[in-house]
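Enquirer: I'd like to go over a predicted model; first the sequence, then the structure.
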Amino acid sequence: MRLGQRRRVVVTGMGAITAAGAGTGPLARALRSGAHRFSEVTLFSTEGLRVHIAGQVDEIPESSLTGSAARRRASRSDRLALFAVEHALEQSRLDLSTIDRGRVGTSIGTSTGGMLETEAYYETRLDGRPAGRRRAQLLSSAVGSPADVVAASVGALGPRLAPSTACSTSAIPIAMGLTWIRQGAADVVVVGGTDALCRMTYSGFHALQALAPEPCRPFDRRRRGLTLGEGAAALILEEETHAHERGAPVLGSVLGAGLSCDAAHPTAPHAEGRGASQALNAALEDAGVAPGRIGYVNAHGTGTPQNDACEARALHAVFGPRSSDLPVSSTKGLLGHLLGAAGAVEAVVTLLAAHAGFVPPTVGLEDPDPECDLDLVRDRPRDLAFTLAASNSYGFGGNNCSLILGRR
């Protein structure tokens with residue numbers, strides 16, 4: 001089934017902040033470097049754990065969108081989101097004061113919201129210390145907080161959604177923005193995702209034995225798990241005619257999206273990648289694109305034994321024999337798994353790579369697993385001009401979302 005009508009949706013602005021740095025410039029340079037951006041976690045203690053690294057953001061520059069009310073309550077996740085949104089709006093040259101704000105939607109996802117600040121609040125109370133400003137930050141504890149803060153900061157009065165579907169969280173806002181614009185519910189939608197590292201997430205994945213003690217190795221024979229990261233990304237989606245009439249830059253297009261559920265296990269993917277292949281097939285159908293036209297796949301590629309093998313099976317199911325020469329890579333070996341921000345960051349990565357004419361390598365991949373029999377890009381970037389790409393995001397509970405993105 002196709003999602004909505006055929007209004008064409010373009011990307012007119014992008015912003016990101018990751019362990020590679022603040023902005024899409026540092027991110028684009030990191031994609032060519034072939035070196036991971038992991039360091040020891042300093043936001044909280046990892047004493048007693050066997051893993052101590054993550055893709056942590058060094059510094060979050062203050063955003064001009066952060067008003068006094070937001071500054072009092074904003075969590076780390078909120079601040080990451082505001083930075084990414086500000087830079088996406090700047091690139092799009094979108095002056096919201098000149099358009100109908102009732103036609104501006106917002107969809108920002110996160111998996112934990114202000115959990116880091118919530119943890120800090122309870123720590124102060126357990127120690128008998130005054131809560132101080134941490135009490136106000138409890139307002140940011142809900143997963144809807146980043147979407148609320150962004151919508152209020154930019155004055156977006158249109159439809160709003162705050163998805164939280166684990167690791168597919170920020171791909172779904174892009175799918176929803178596509179749907180709203182196609183159906184005529186909005187002309188512009190600010191979409192993206194954000195997640196800050198926190199104790200709950202870190203210790204939770206550690207308890208599941210899903211964290212690798214060393215930098216992760218997506219699709220590698222010796223992969224032992226994922227490496228967590230944090231950050232945010234935002235994209236300005238716009239109806240094509242609306243963008244052209246105001247002379248906006250067109251950085252790419254969102255052509256299709258597909259959603260599915262494995263309905264198999266609370267944390268493990270379906271063994272044969274059933275839901276993953278269903279989502280990708282649905283995205284291709286929604287875009288009206290034949291599998292043979294896809295030039296690159298940005299894989300979910302977490303570095304866990306089950307996920308990588310299941311994704312490889314899904315790609316074989318969709319692309320058939322062409323899987324052997326269709327370039328595939330994962331950027332989680334570079335930045336870590338950004339959970340609620342992963343889908344949006346990887347959509348930005350895909351469009352940056354498409355415009356620059358290269359495929360980023362899978363950092364950490366040295367000895368490809370024969371079970372992941374794909375054309376895996378490793379070692380160094382591969383020069384390649386491609387027009388269409390797929391980006392996959394899969395979450396706990398079998399929440400899957402695939403996107404079809406165009407260079408123009």
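Expert: Noted; the coordinates are in hand.

Enquirer: Would you double-check that Gln209 falls in a helix?
Expert: No. Using DSSP: H, G, I helix; E, B strand; the rest coil, the secondary structure at Gln209 is coil, not a helix.

Enquirer: ok, now how distant is it from Tyr122?
Expert: Noted for Gln209: a distance of 26 Å to Tyr122, by Cβ to Cβ, to the nearest Å. In this view, the C-beta of every residue, glycine as well, is placed from N, C-alpha and C.

Enquirer: any weak-confidence spans in this structure?
Expert: Counting by pLDDT under 70, the low-confidence segments of the chain come to 1-5, 68-69, 267.

Enquirer: By residue count, tell me the biggest helix in it.
Expert: helix 76-92 (DSSP state H).

Enquirer: list the helices and strands it packs on?
Expert: Helices and strands touching helix 76-92, by 3 or more Cβ pairs under 8 Å, 6 or more residues apart in numbering; DSSP states H and E, are strand 9-18, helix 115-126, helix 145-154, strand 188-195, strand 231-239.

Enquirer: So which bits of it are buried?
Expert: 76-89, 91-92 (16 or more other Cβ atoms under 10 Å).

Enquirer: From Val189, how far out is Pro146?
Expert: Pro146 sits 15 Å away from Val189, going by Cβ to Cβ.

Enquirer: who has more neighbours, those two?
Expert: Pro146 (35 against 30; other Cβ atoms under 10 Å).

Enquirer: Helices along the stretch 251-400 of the chain, start to end?
Expert: Shown for the stretch 251-400 of the chain, the helices assigned by DSSP state H, counting those that start in this stretch span residues 274-287, 305-319, 332-335, 342-356.

Enquirer: want to throw those helices into JSON lines with mean neighbour count and distance to Cys261?
Expert: Formatted as JSON lines, the helices of the stretch 251-400 of the chain follow (neighbours: other Cβ atoms under 10 Å; distance: least, Cβ to Cβ, whole Å):
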{"stretch": "helix 274-287", "mean neighbour count": "24", "distance to Cys261": "6"}
{"stretch": "helix 305-319", "mean neighbour count": "23", "distance to Cys261": "14"}
{"stretch": "helix 332-335", "mean neighbour count": "30", "distance to Cys261": "22"}
{"stretch": "helix 342-356", "mean neighbour count": "26", "distance to Cys261": "16"}
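
Enquirer: Would you convert the ones you listed into a markdown table that also reports distance to Ala152?
Expert: Below are the helices of the stretch 251-400 of the chain laid out as a markdown table (distance: least, Cβ to Cβ, whole Å):
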| stretch | distance to Ala152 |
| --- | --- |
| helix 274-287 | 32 |
| helix 305-319 | 36 |
| helix 332-335 | 28 |
| helix 342-356 | 20 |
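
Enquirer: Can you check which of those gets nearest to His36?
Expert: Among those, the nearest to His36 by Cβ to Cβ is helix 332-335 (5.7 Å).

Enquirer: quick one: the closest one to chain centroid distance?
Expert: 12 Å (Cα atoms, centre = their mean, to the nearest Å).

Enquirer: Kindly report the same for stretch 388-405.
Expert: Remark: stretch 388-405 is offset 10 Å from the chain centroid, using Cα atoms, centre = their mean.

Enquirer: Alpha carbons of that stretch, in CSV - could you do that?
Expert: In CSV, the C-alpha atoms belonging to stretch 388-405 read as follows (Å, rounded to 0.1, in the frame of the first residue of the first chain):
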residue,chain,number,x,y,z
LEU,A,388,18.9,6.2,-5.1
ALA,A,389,19.6,4.6,-1.7
ALA,A,390,17.9,2.6,1.0
SER,A,391,18.4,3.2,4.7
ASN,A,392,17.3,0.5,7.2
SER,A,393,16.4,0.9,10.9
TYR,A,394,15.3,-2.0,13.1
GLY,A,395,14.2,-1.8,16.7
PHE,A,396,13.5,-4.0,19.7
GLY,A,397,10.1,-5.7,19.4
GLY,A,398,10.6,-6.0,15.7
ASN,A,399,9.8,-2.3,14.9
ASN,A,400,11.2,-1.9,11.4
CYS,A,401,11.4,1.1,9.1
SER,A,402,13.1,1.4,5.7
LEU,A,403,13.5,4.6,3.7
ILE,A,404,14.2,5.2,0.0
LEU,A,405,16.2,8.4,-0.4
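
Enquirer: Pop the domain breakdown of this structure in here.
Expert: Annotated domains of the chain cover 10-245, 255-406 [automatic domain parsing].

Enquirer: do you know which of the helices of the stretch 251-400 of the chain lies nearest Gly158?
Expert: Closest among the helices of the stretch 251-400 of the chain, using Cβ to Cβ: helix 342-356, at 18.8 Å.

Enquirer: Can you check what angle separates the closest one from strand 188-195?
Expert: With axes from the mean of the first three to the mean of the last three Cα atoms, to 10 degrees defining the directions, helix 342-356 sits at 120 degrees from strand 188-195.

Enquirer: which of the helices and strands packed on helix 76-92 is buried the deepest?
Expert: The highest mean neighbour count among those, using mean count of other Cβ atoms under 10 Å, belongs to strand 188-195: a mean of 34.

Enquirer: Identify the neighbouring strands of it in the sheet and state each direction.
Expert: According to DSSP bridges, strand 188-195 forms sheet pairs with strand 104-109 (parallel), strand 231-239 (antiparallel).

Enquirer: Could you point out the helix or strand that follows the last one?
Expert: Tracing the chain C-terminally past strand 231-239 and defining elements by DSSP states H and E, one meets helix 240-245 next.

Enquirer: who does that following helix touch, helix- and strand-wise?
Expert: strand 9-18.

Enquirer: Describe which strands the strand it packs on pairs with in its sheet and in which direction.
Expert: Taking DSSP bridges as the criterion, strand 9-18 pairs within the sheet with strand 21-22 (antiparallel), strand 231-239 (antiparallel), strand 252-261 (antiparallel).

Enquirer: which parts of the helix or strand following the first one are buried?
Expert: This means strand 21-22. From strand 21-22 onward toward the C-terminus, using DSSP H and E, the following helix or strand is helix 24-33. For helix 24-33, a neighbour-count test (16+ other Cβ under 10 Å) marks Thr24, Pro26, Leu27, Ala28, Ala30, Leu31 as buried.

Enquirer: Alright, calling it a day.
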